[in-house]
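Novice: let me see the structure of the following:
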Amino acid sequence: MTENKSNAYTHMRTPRNLIILSISLGILLVAATFIFGLYVLLVALVSIVIAGLVELLFSKVRKLPFDQYWFITPLVFTLLLPPSVPLWIAGVGSFFGYFFGKSIFGGAGKTVFNPALVGILFVTISFPSFISTAWLDPVTGIIGTQTPLSLLNSGNAFTYSWAELLFGNTPGSIGETFRLGILALGVILIAVKAIDWRIPVGLLATVFVLTLLGYYVFPDTFANPYYSLFTGSVLFAAFFVATEPVSAPAKPLGKLIYGVGIGLLIVLIRNLATFPEGTVFAIVLMNVVGALFDSGEKNSEVGELSE
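Specialist: The predicted structure is shown next:
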């Protein structure tokens with residue numbers, strides 16, 4: 001299992017794939033700058049510099065090669081933050097996620113949980129008042145407004161148009177609002193094989209189908225399935241977070257099951273729990289059991305050979 005995971009990680013973490021991924025994340029950051037303002041660049045700068053210092057210190061102490069693509073983790077972390085988050089929270093979260101989510105496990109290729117999500121969970125749980133009130137409406141400039149997802153879950157009239165949802169004129173995380181760009185970049189990443197299609201397709205299909213069924217059976221409990229895919233961070237996470245090769249399964253069937261499992265948890269948390277956004281929690285929970293899917297597929301192959 002470890003060898004399979006290592007091979008899959010090496011295959012996906014080629015310089016070509018990492019450059020393509022870095023450019024894609026950079027495009028989303030630039031788009032967020034036009035939507036929310038230059039402040040998001042400061043958030044990204046703080047997160048990247050802090051993570052770089054941790055990586056430098058770690059490589060010196062452990063006498064290991066410096067990870068040239070260290071900036072991908074804090075960049076993903078940044079894109080999951082609210083656009084008006086205090087800079088010190090960005091720095092603390094980046095340090096915590098990079099050190100406790102990556103360095104402490106041995107560095108690149110050896111993580112158990114997605115380190116960007118470790119940082120996001122830490123700041124969300126430790127500083128909820130700063131995170132929950134840092135949503136910026138790019139149209140009005142008002143901070144603390146409802147995001148489309150929180151409005152959708154509240155049961156009140158949904159006032160955002162499809163154009164606003166697709167082009168990013170809504171409150172939300174730094175990297176989640178330009179959904180048309182996320183879709184386009186996601187398709188490109190799949191087309192050039194920088195990410196595996198099974199995880200995002202399994203995730204998004206599960207969210208849509210289960211929410212659709214729930215909406216028609218329990219309309220007072222489940223949100224509109226069409227809006228569910230275009231609110232919150234589910235689109236961004238499907239293409240840029242859940243596909244992280246180290247914390248995801250290595251084998252094809254395992255990846256598909258992994259994506260379906262994340263989608264299932266997102267639907268359950270969003271519609272049945274008190275927390276409005278379940279994407280980060282869903283991926284972290286599936287990080288715990290992701291390796292089991294590879295094990296099950298391996299055992300199945302062994303059984304077929306023995307027959």
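
Novice: which intervals of the stretch 201-307 of the chain have sub-threshold pLDDT?
Specialist: 295-307 (pLDDT under 70).

Novice: please enumerate the helices of it.
Specialist: Remark: helices assigned in the stretch 201-307 of the chain by DSSP state H, counting those that start in this stretch are 225-228, 234-240, 252-272, 279-306.

Novice: so is residue 158 in a helix, a strand, or just coil?
Specialist: Secondary structure state of residue 158, per DSSP: H, G, I helix; E, B strand; the rest coil, is coil.

Novice: before we move on, back to that, which of the helices of the stretch 201-307 of the chain is buried the deepest?
Specialist: helix 234-240 (a mean of 28; mean count of other C-beta atoms under 10 Å). No exception for glycine: its C-beta is placed from N, CA and C like everyone else's.

Novice: for stretch 221-238, measure first residue to last.
Specialist: 24 Å (C-alpha to C-alpha, to the nearest Å).

Novice: no, scratch that, I was asking about stretch 187-204
Specialist: Start-to-end, stretch 187-204 (C-alpha to C-alpha) is 13 Å.

Novice: buried ones in it?
Specialist: Within stretch 187-204, the residues that count as buried by 16 or more other C-beta atoms under 10 Å are 189-190, 194-204.

Novice: list just the nearest of those to residue 277.
Specialist: Nearest to residue 277, judged by C-beta to C-beta, of the buried residues of stretch 187-204 is residue 203 at 14.4 Å.

Novice: residues in contact with the closest one?
Specialist: 234, 237-238, 242, 259-260, 262-263, 266 (C-beta atoms under 8 Å, 6 or more residues apart in numbering).

Novice: next, format the residues you listed as a markdown table and append distance to residue 109.
Specialist: Putting the contacts of residue 203 into a markdown table (distance: C-beta to C-beta, whole Å) gives the following:
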| residue | distance to residue 109 |
| --- | --- |
| 234 | 27 |
| 237 | 21 |
| 238 | 23 |
| 242 | 18 |
| 259 | 21 |
| 260 | 25 |
| 262 | 21 |
| 263 | 26 |
| 266 | 27 |
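
Novice: looking at those residues, which is nearest residue 278?
Specialist: So of those, ranked by how close each gets to residue 278 (C-beta to C-beta), first place is residue 266, at 4.8 Å.

Novice: tell me how far that closest one lies from residue 250.
Specialist: 22 Å (C-beta to C-beta, to the nearest Å).

Novice: do residue 228 as well
Specialist: Distance from residue 228 to residue 250, by C-beta to C-beta: 29 Å.

Novice: picking up where we left off before, and of the helices of the stretch 201-307 of the chain, who's closest to residue 177?
Specialist: helix 234-240 (9.0 Å).

Novice: what does that closest one rub up against?
Specialist: With contacts defined as C-beta under 8 Å, 6+ apart, helix 234-240 is touched by 21, 24-25, 28, 76, 79-80, 173, 175-176, 179, 182-183, 185-186, 189, 195, 199-200, 203-204, 207, 228-229, 259, 266, 279-280, 283.
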